[in-house]
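Novice: predicted model follows, preceded by the sequence.
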Amino acid sequence: MIAHSFHGNPAFGPAGGMHGATYTCDVEFSSAELVKDANWVIDIGKASDILSTVLSKYNLKNLDEVFPNGELTTTEFMAKKIHEGIAKRVKEECKFEGEICVKLWESHKAWASYEGSV
């Protein structure tokens, strides 16, 4: 759950002003190979802990304050920021190499995702 605005940008209509959103976040880890001796792509427990830590930077926050330089904190922008936070940590802590896709759901009809390599 976050609060944010689009700084009055007319392209966003009524959402240009301050409003709240509650996201559901899905993360997919994929790799060309399984980790030897474990037969997994990533330790899902560790990945879940990393996701919780990354999301805690934004949960119950006003994104206009988290990103104070006028960034338009669209769902796509947030999916990318979450991806960046996860990618850095899983590379360092899990030695993960592969693809990560972060999908943020605003509702069952509206979502955005960001995908990239680690």
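Specialist: Done, it's in. Numbers count the residues shown, from 1 in each chain.
Novice: use CA for all of it now, contacts and neighbours both
Specialist: Noted.
Novice: tell me what the lowest-mean-pLDDT helix or strand in the chain is packed against?
Specialist: The weakest-scoring helix or strand in the chain, judged by mean pLDDT, DSSP states H and E, is strand 19-21 (a mean of 94). Identification of packing neighbours for strand 19-21 by 3 or more Cα pairs under 8 Å, 6 or more residues apart in numbering; DSSP states H and E yields strand 2-4.
Novice: run me through the strand neighbours of the strand it packs on, direction for each.
Specialist: strand 19-21 (antiparallel), strand 61-62 (parallel) (DSSP bridges).
Novice: right, and the helix or strand after the last one?
Specialist: Towards the C-terminus, the helix or strand next in line after strand 61-62, according to DSSP states H and E, is helix 63-66.
Novice: so what's the spatially most central residue of the chain up against?
Specialist: In the chain, the centroid-proximal residue (Cα atoms, centre = their mean) is Ile82; its distance is 2.8 Å. Ile82 makes contact with 54-55, 102, according to Cα atoms under 8 Å, 6 or more residues apart in numbering.
Novice: buried sites along the top helix by length along the chain?
Specialist: Ranked by residue count under DSSP state H, the longest helix found in the chain is helix 75-94. For helix 75-94, a neighbour-count test (16 or more other Cα atoms under 10 Å) marks 75-76, 78-87, 89-90 as buried.
Novice: dihedrals phi and psi, the residue sitting furthest away from the middle of the chain?
Specialist: Here the chain reaches farthest from its C-alpha mean at Asp37, the gap being 29.6 Å by Cα atoms, centre = their mean. Torsion angles at Asp37 (phi, psi; degrees, to the nearest 10) stand at phi 70, psi -10.
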